[in-house]
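1. This is a predicted model, with the sequence first.
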Amino acid sequence: MKYEKINLPYGYNELEPYIDAETVEIHYSKHLQTYVDNLNKLLEDYQTYTCGKTMEEILKDIEDIPHAIRQGVINNGGGVVNHNFYFSILTPNSSGKPKGILMNHIEEELGGFERMKELVSNAAVSKFGSGWSWLVLNKFGDLEIMTTSNQDTPISVGKVPLLTIDVWEHAYYLKYKNLRAEYVKNIWNLFNWEIIESIYEKYRAK
Ligand SMILES: [Fe+2]
């Protein structure tokens, strides 16, 4: 079984002016592709551990993976899953904010949309080194904000990703240089709230 990157649901230049075409192209076709290639190579001799499983399922039960390749799967499998998720929840046609049940719960649990934005953004800007800022659903069905380092994923600690900001420098450095906060501010123009809402509604019901 081979793991793959998603088909990008927009053109490289369609996230401009917030994320430039060159960054999207290199991020998707080079960085993500490298995680895909490294992951598939790593798993070549370990097919019995992975057959029929999605990478999300594997990362959820990462202790089942042999110690010899476990950290490699965390790094490269996480790199594939995190990036596939990131690219899937961006769109050039963002509605700007969620509505319906997700919006209600952001208001009830996190103090409102602007407050949630501030918490996710602050976590992204202050994350030391490379990593990710997340809005997730925890196992009690509550919304939570968290960060992960490197390519660690909330899936490995039993949480469902709803929204993420990639704060590795490769996600923004060509356009924003050292100004990570500007990239974090601008990415809010790109979230696909219809997809994020559908994930929330699907998993909250479980
Ligand atoms: Fe990235």
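-> Happy to help now that I have it.
2. Now do the strands for the protein: every range, in order, please.
-> Using DSSP state E, the strands found in the chain span residues 131-137, 143-149, 160-166.
3. and the first one, what's its mean pLDDT?
-> So that's strand 131-137. Model confidence over strand 131-137 averages 98 on the pLDDT scale.
4. Out of the strands of the chain, which gets nearest to the ion?
-> Judged by CB to the ion, the one of those that comes nearest to the ion is strand 160-166, at 4.2 Å. To be clear about C-beta, it is placed using only N, CA and C from the backbone, and glycine gets the same treatment.
5. export the strands of the chain to a markdown table and tack on mean neighbour count and distance to residue 119?
-> Supplementary listing: those in a markdown table, determined by neighbours: other CB atoms under 10 Å; distance: least, CB to CB, whole Å:
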| stretch | mean neighbour count | distance to residue 119 |
| --- | --- | --- |
| strand 131-137 | 23 | 9 |
| strand 143-149 | 17 | 5 |
| strand 160-166 | 24 | 11 |
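6. got those as JSON lines, with distance to the ion columns?
-> Putting these into JSON lines (distance: least, CB to the ion, whole Å) gives the following:
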{"stretch": "strand 131-137", "distance to the ion": "8"}
{"stretch": "strand 143-149", "distance to the ion": "12"}
{"stretch": "strand 160-166", "distance to the ion": "4"}
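7. Format the ones you listed as a markdown table; extra columns: distance to residue 13.
-> Below are the strands of the chain laid out as a markdown table (distance: least, CB to CB, whole Å):
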| stretch | distance to residue 13 |
| --- | --- |
| strand 131-137 | 24 |
| strand 143-149 | 29 |
| strand 160-166 | 19 |
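8. can you pull the buried residues of the lowest-mean-pLDDT helix or strand in the chain?
-> Within the chain, confidence by mean pLDDT, DSSP states H and E is lowest for helix 47-50 among all helices and strands, at a mean of 92. Using 16 or more other CB atoms under 10 Å as the test for burial, helix 47-50 gives residue 50.
9. which other residues reach that helix?
-> The set of residues external to helix 47-50 that reach it, using CB atoms under 8 Å, 6 or more residues apart in numbering, is 1, 43, 58, 64-66.
10. What of stretch 199-206?
-> Contact partners of stretch 199-206, identified using CB under 8 Å, 6+ apart, comprise 101-102, 105, 137, 141, 160-162.
11. Quick check: end-to-end length of stretch 13-32?
-> 17 Å (CA to CA, to the nearest Å).
12. Pull out the buried residues from that stretch.
-> 14-15, 18-20, 23-24, 27-28, 31-32.
13. The residues you listed in helices, which ones?
-> Counting by DSSP state H, the part of these found in helices is 23-24.
14. Quick one: list the elements packing against the top helix by length along the chain.
-> Longest helix in the chain, counting residues (DSSP H): helix 67-88. Using 3 or more CB pairs under 8 Å, 6 or more residues apart in numbering; DSSP states H and E as the contact criterion, the neighbours of helix 67-88 among helices and strands are helix 33-42, helix 55-60, strand 160-166.
15. Tell me the buried residues in the second one?
-> Of the residues in helix 55-60, those buried by neighbour count under the rule 16+ other CB under 10 Å are 55-56, 58-60.
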